[in-house]
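Asker: Generate a structure from the sequence data that follows.
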Amino acid sequence: MSKIKVAIVGVGNCVSSLIQGIHFYKDPQDAIGLMHWQIGGYGPSDIEVVSAFDIDTRKVGQDVSEAIFAEPNCTTVFCRDIPKSGVMVHMGRILDGFSDHMRDYNKKETFLLSDEPEPNQSDVVRILRQSGAEILLNYLPVGSEEATHFYVECALDAGVGFINNIPVFIASDPKWAGRFEDEGLPIIGDDIKAQLGATITHRVLTDLFKKRGVKLERTYQLNTGGNTDFLNMLNMNRLASKKVSKTESVQSVAAERMTEDNIHIGPSDYVPWQNDNKVCFIRMEGKLFGDIPMNLELRLSVEDSPNSAGVVIDAIRCMKLALERGEGGVLYSPASYFCKHPPRQYPDDKAYRLTEEFIAASNREEPNEVPDPRGREREPSLAEG
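Answerer: Residues are numbered from 1 along each chain as shown. Below you'll find the predicted structure:
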């Protein structure tokens, strides 16, 4: 089978984990930690990075296999033996993809902005086309609205699918989603979930409260970490979409929407020595039978970047299926299972079922239609809404 050729924007910790995973999972015996070993006949090692963009001088001009280990990346190295790819990291467009406070934080250089000339849209489109990329992955920092819009335009112009791993609303914005549908290009987004992280755990517990008849009255989720993602989010002006994404992901599975005063979800603080470790604190307060109060507290510690890499590997392979089937527009089922802020929110058990049906379907009459084996429901196209 042919390789799945992907291009990447932002060669940070998440991309380091992704590329390590592509090489780590070459043998089915090493399949622990994957949601799917194969999707449509494609394994993780069938993914090939053919172009990449970044703006840090320690990465621009370097082979991707070396750039993923360059500072300030600090995620766990679980697969060091990665051969040179021959793919050099190109200088990207800066725009708002960089927060000034990260240039020299506490007199420690955490970000070194490259002085290479920035590409324009035609430059990026040319690179994407020459590389043979089929899919563009967005790994820009949280709050990169303008930069994300720039690369979305490049994807549309180059004719490649788009996976939006960050909380800038593209797939969940009808205008952008409509443009991908008009161009016959698939899109998955927005804001990738972790395999087992803070938000998915919070969602499952919230759904459990609902199904067990427990009234959820108030809740919070606080997170700390020491990677550049958390450092970037010290700038509160960049957090608006992130808080919406995480909050709506939990609100969407609650029995009743909580008022803003009773739900707080979002990053809390940057703790440098944590590096890529993320610690999450969840508290949930509610009422049981007889109006009796209860509360639940949970602490979750995970390595942040590997926690999302396996989900992205599945998203890439689902998008490859859509490309082979000629499907354009939002891939609603995979988006609902893989992302925190998809265009349509479903409970996780339903999102899982719909995604399994999407993977299993080989011939469908209409784009984005997922037939239910019992003939009861299907997902309408974007136009049907």
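Asker: low pLDDT regions in the stretch 1-150 of the chain?
Answerer: 1, 30, 106-109 (pLDDT under 70).
Asker: At which residues are the helices of the stretch 151-300 of the chain located?
Answerer: 174-183, 198-211, 228-232, 240-251 (DSSP state H, counting those that start in this stretch).
Asker: just those helices: most buried one?
Answerer: Mean neighbours per residue, mean count of other CB atoms under 10 Å, is largest over the helices of the stretch 151-300 of the chain for helix 228-232, with a mean of 22. In this view, the C-beta of every residue, glycine as well, is placed from N, C-alpha and C.
Asker: so how far is that one off the chain centroid?
Answerer: How far helix 228-232 lies from its chain's middle: 16 Å, per CA atoms, centre = their mean, to the nearest Å.
Asker: name the helices or strands packed onto that helix?
Answerer: Helix 228-232 sits against strand 263-270, with contacts defined as 3 or more CB pairs under 8 Å, 6 or more residues apart in numbering; DSSP states H and E.
Asker: All the strands of the chain, in order from the start?
Answerer: Ranges of strands within the chain are 4-9, 47-54, 89-91, 135-138, 161-164, 186-188, 215-225, 263-270, 277-288, 292-303, 329-330, based on DSSP state E.
Asker: Quick check: most distant residue from the centroid of this protein.
Answerer: Largest separation from the mean C-alpha position in the chain: Gly290, at 41.4 Å (CA atoms, centre = their mean).
Asker: Tell me who's in contact with that one.
Answerer: For Gly290, the contact set (CB atoms under 8 Å, 6 or more residues apart in numbering) is empty.
Asker: ok, now Leu136?
Answerer: 6-9, 128, 151, 154-155, 158, 160-163 are the contacts of Leu136 under CB under 8 Å, 6+ apart.
Asker: Considering the strands of the chain, which stretch scores lowest in mean pLDDT?
Answerer: Across the strands of the chain, strand 263-270 has the smallest mean pLDDT, namely a mean of 89.
Asker: tell me which residues in that strand are buried?
Answerer: 263-268, 270 (16 or more other CB atoms under 10 Å).
Asker: Ser99: which of those is nearest?
Answerer: Tyr270 (12.0 Å; CB to CB).
Asker: so the closest one makes contact with Thr228?
Answerer: No. Tyr270 is beyond contact range of Thr228, at 9.4 Å (criterion: CB atoms under 8 Å).
Asker: on that earlier part again, which of the strands of the chain is buried the deepest?
Answerer: Highest mean neighbour count among the strands of the chain (mean count of other CB under 10 Å): strand 186-188, a mean of 31.
Asker: Okay, now the sheet partners of it, with direction.
Answerer: Using DSSP bridges, strand 186-188 pairs in its sheet with strand 161-164 (parallel), strand 329-330 (parallel).
Asker: chain center to the longest one, what's the gap?
Answerer: Same thing as strand 161-164. Remark: strand 161-164 is offset 10 Å from the chain centroid, using CA atoms, centre = their mean.
Asker: ok, now the shortest one?
Answerer: Its chain's C-alpha centre lies 16 Å from the corresponding centre of strand 329-330 when counted by CA atoms, centre = their mean.
Asker: what's Arg80 in contact with, if anything?
Answerer: Phe69.
Asker: typo on my end, it should be Gly143
Answerer: Counting by CB under 8 Å, 6+ apart, the residues that Gly143 touches are 96, 99, 168, 232-233, 235, 237-242.
Asker: cool, Val168 as well?
Answerer: Applying CB under 8 Å, 6+ apart, the residues contacting Val168 are 138, 140, 143-145, 148-149, 190, 241.
Asker: which among those residues gets closest to Ala309?
Answerer: So of the contacts of Val168, ranked by how close each gets to Ala309 (CB to CB), first place is Asn138, at 14.8 Å.
Asker: I'd say that closest one and Gly161 touch.
Answerer: No. Counting by CB under 8 Å, Asn138 does not reach Gly161; the two are 11.4 Å apart.
Asker: Give me the angle between the longest helix along the chain and strand 47-54.
Answerer: Counting residues, the longest helix in the chain under DSSP state H turns out to be helix 306-325. With axes from the mean of the first three to the mean of the last three CA atoms, to 10 degrees defining the directions, helix 306-325 sits at 110 degrees from strand 47-54.
Asker: where does the stretch 251-385 of the chain have low pLDDT?
Answerer: 362-385.
Asker: Give me the phi and psi angles of the residue lying closest to Glu71 once chain neighbours are set aside.
Answerer: Once flanking residues are discounted, Glu71 sits nearest to Arg58: 5.9 Å by CB to CB, 6 or more residues apart in numbering. Here is the backbone geometry of Arg58 (degrees, to the nearest 10): phi -80, psi -10.
Asker: Could you report the neighbour count for Arg58?
Answerer: By other CB atoms under 10 Å, 19 other residues sit near Arg58.
Asker: Check Phe289 too.
Answerer: Neighbours of Phe289 using other CB under 10 Å come to 8.
Asker: And the residue farthest from the centre of the chain, how close does it get to Asn138?
Answerer: As for Gly290, its distance to Asn138 is 49 Å (criterion: CB to CB, to the nearest Å).
Asker: same check, this time on Lys242
Answerer: 14 Å.
Asker: Tyr352 too?
Answerer: 24 Å.
Asker: what ranges do the helices span in the stretch 1-150 of the chain?
Answerer: 13-24, 64-67, 121-131, 145-158.
Asker: if you compare the ones you listed, which one is most tucked away?
Answerer: By mean count of other CB under 10 Å, the helices of the stretch 1-150 of the chain have helix 13-24 as the most buried, with a mean of 24.
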